[in-house]
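A.B. asks: Take a look and give me a structure for this.
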Amino acid sequence: MDNRQVRRRKPTQTQSPKTERVPESSKKASSVWPVIFLIAALCGFVLVVGYFNSPLRCLDITDLVHVPLEGKFEKNFLLSKGIKTDGLIGAECIEEDKDGNLYTGLSDGRILKVAKLHNHIGEGDIEEISKGVFPGIDKTSNDLAHGRPLGFRIRNGVMYVMDAMYGFYTIDLNSKTFEHLVAPHDTNPPMKFPNDLDITSDGRIVYFTDTSSKHPITKLGYCLTEGRCTGRLFQYEFATKKLTTVVNDLCFANGVQLTSDGSTVLVAETTRMRVRYFDVKTWSIKHVVHLPMMVDNVRMSKRGTFWVAGANVPGTLTKYMFRMPMLRQALAGLLTYDQLVESTLYFAKTEHGIAVELNESGEVLRVLQDPHGNLTFALSQLTELSDGRVALGSYFTSMSIGDAL
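C.D. replies: Residues are numbered from 1 along each chain as shown. Sure thing, here's the model as predicted:
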């Protein structure tokens, strides 16, 4: 090999490995994950603190049947026309006497009489029947200085009242005389949330509900959030003053209504959105009717059927929350009571009022709705009036008079 060939050869160059450049998007993604993890851990810690500090022990609500707004329950506006009244705030229950006068109880504890005006029911002068303050009488809570009349019936000039603070009493509508019959601590455990009542046709027995044996009406939001069934139905005999618990474990026991023959009593259970029919001899369940709203009061029509009124049609998020007891419990530990109630009402569609007519077999006959709250808000009761119209109660706002059905 000559020198020329040697000179032509070039020494082999060692190539250094190429360094791959990491895309900027990957760098950003990898830097975001620790932040996400930190936020998730912080949220989890806050929820755990709320869970263990919660005043509630929430229940997974597995027995709630959701009824869609379709078929017989398809949205309509049959309950959207009528007259609104002013100033009667919290007129949950409304009764008419034989002379066409209306009676209702308000959030401030008062019981009022609304007279006729030129034969127009519910449009005349207002008379105060009771201030709803009874000094020295046992109450379910000291949060209010007055009562909260929720359900009542009128028989022979006497008003029978179920008051969420004072329990069961009567008022003579002529003399305005008050008589206390059942105090909250007359039951074991004591009543926390007396609600509604009905009286047998012979006047011998009254059936009434206690919504909860744990939370008073001033903590109503806790009853809704917790989901536990501590409500009861009682039987009280006027002659002997005997008080008997006939049904336990009701889920937010609310409205009460006897059938025309007195053989069956209907009980509305608000947090399960249903009405159950109980045989008064055996206390076995005869029928169960599931409805699309949170049911409130039940009243008999002139045809012997039953009007079940209510509002709070649950949306998708609310339906999920029913099955998430740990989250509900954590929120109850993190929010103030007022904040909890406000958040519950925000998703509950309180403006959507629904009244359902049922027969004695639990069949749905008619459905009347006010989807946008044009006439009603937080609908609690529908009472048929002697002039063909209907009185519509509300647990938040004033009562309304709906057009003839």
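
A.B. asks: can you list contacts of stretch 61-73?
C.D. replies: 75, 227, 271-274, 290-292, 313-314, 319, 322-323, 325, 354, 364, 367 (Cβ atoms under 8 Å, 6 or more residues apart in numbering). (C-beta placed from N, C-alpha, C; glycine too.)

A.B. asks: Mind giving me the PyMOL command for buried ones among these?
C.D. replies: Remark: buried members of the contacts of stretch 61-73, expressed as a PyMOL selection using 16 or more other Cβ atoms under 10 Å:
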select buried, resi 227+271+272+273+274+291+292+313+314+322+325+354+364+367
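
A.B. asks: and the contacts of stretch 61-73, which of them are in strands?
C.D. replies: Counting by DSSP state E, these place 274, 290, 354, 364, 367 in strands.

A.B. asks: Okay, strands next: where are they in the stretch 101-250 of the chain?
C.D. replies: 102-105, 111-114, 126-130, 149-155, 158-163, 167-172, 178-182, 194-199, 205-210, 231-237, 242-250 (DSSP state E, counting those that start in this stretch).

A.B. asks: Let me see the mean pLDDT of the longest one.
C.D. replies: What that stands for is strand 242-250. In this model, strand 242-250 has an average pLDDT of 98.

A.B. asks: Need the residues that contact the next helix-or-strand element following that strand.
C.D. replies: Downstream of strand 242-250, the next assigned helix or strand under DSSP states H and E is strand 253-258. Contacts to strand 253-258, defined as Cβ under 8 Å, 6+ apart, come from residues 151, 195-201, 207-211, 231-233, 264-270, 280, 295-300, 306, 308, 381.

A.B. asks: what about dumping the CA coordinates of strand 253-258 to PDB?
C.D. replies: C-alpha atoms of strand 253-258 as PDB (Å, rounded to 0.1, in the frame of the first residue of the first chain):
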ATOM      1  CA  ALA A 253     -94.400  11.600  57.500                       C
ATOM      2  CA  ASN A 254     -96.600  14.500  56.200                       C
ATOM      3  CA  GLY A 255    -100.200  14.700  55.000                       C
ATOM      4  CA  VAL A 256    -103.000  12.500  56.500                       C
ATOM      5  CA  GLN A 257    -106.400  11.700  55.100                       C
ATOM      6  CA  LEU A 258    -109.000   9.000  55.900                       C
END
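
A.B. asks: For the next helix or strand after it, name the packing helices and strands.
C.D. replies: Following strand 253-258 in sequence order, the next helix or strand is strand 264-269 (DSSP H and E). Judged by 3 or more Cβ pairs under 8 Å, 6 or more residues apart in numbering; DSSP states H and E, strand 264-269 is in contact with strand 231-237, strand 242-250, strand 253-258, strand 274-279, strand 294-300, strand 306-311.

A.B. asks: run the last query once more with 6 Å
C.D. replies: Applying 3 or more Cβ pairs under 6 Å, 6 or more residues apart in numbering; DSSP states H and E, we find strand 264-269 packed against strand 253-258, strand 274-279, strand 294-300.

A.B. asks: so how far is the second one from its chain's centroid?
C.D. replies: Going back to what we said before, that points to strand 274-279. When C-alpha coordinates are averaged (Cα atoms, centre = their mean, to the nearest Å), strand 274-279 and its chain have centres 17 Å apart.

A.B. asks: gap between Val275 and Asn297?
C.D. replies: Separation of Val275 from Asn297 (Cβ to Cβ, to the nearest Å): 11 Å.

A.B. asks: Over to His185?
C.D. replies: In this view, His185 and Asn297 are 26 Å apart by Cβ to Cβ.

A.B. asks: neighbour count winner among the two?
C.D. replies: Asn297 (27 against 13; other Cβ atoms under 10 Å).

A.B. asks: Look at Thr14 and report its pLDDT.
C.D. replies: 50.

A.B. asks: Repeat that for Gly227.
C.D. replies: pLDDT recorded at Gly227 is 95.

A.B. asks: show me the contacts for it.
C.D. replies: Applying Cβ atoms under 6 Å, 6 or more residues apart in numbering to Gly227 gives the contacts 58-59, 61.

A.B. asks: Show me what Pro194 is bridged to.
C.D. replies: Asp210 (DSSP bridges).

A.B. asks: gap between the closest residue to Leu250 other than its chain neighbours and Val267?
C.D. replies: In this structure, Leu250 finds its nearest non-sequential neighbour in Gly231, 3.4 Å apart by Cβ to Cβ, 6 or more residues apart in numbering. Gly231 sits 9 Å away from Val267, going by Cβ to Cβ.

A.B. asks: Equivalent analysis for Val256, please.
C.D. replies: Val256 is 6 Å from Val267, where distance means Cβ to Cβ.

A.B. asks: okay, and the common contacts of these two?
C.D. replies: With Cβ under 6 Å, 6+ apart, Val256 and Val267 have no common neighbours.

A.B. asks: State the number of residues packed around Arg57.
C.D. replies: Using other Cβ under 10 Å, Arg57 has 12 other residues around it.

A.B. asks: For the strands of the stretch 101-250 of the chain, give me a markdown table that also has distance to Met399.
C.D. replies: Converted to a markdown table, these look like this (distance: least, Cβ to Cβ, whole Å):
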| stretch | distance to Met399 |
| --- | --- |
| strand 102-105 | 6 |
| strand 111-114 | 9 |
| strand 126-130 | 12 |
| strand 149-155 | 13 |
| strand 158-163 | 17 |
| strand 167-172 | 19 |
| strand 178-182 | 24 |
| strand 194-199 | 16 |
| strand 205-210 | 22 |
| strand 231-237 | 25 |
| strand 242-250 | 27 |
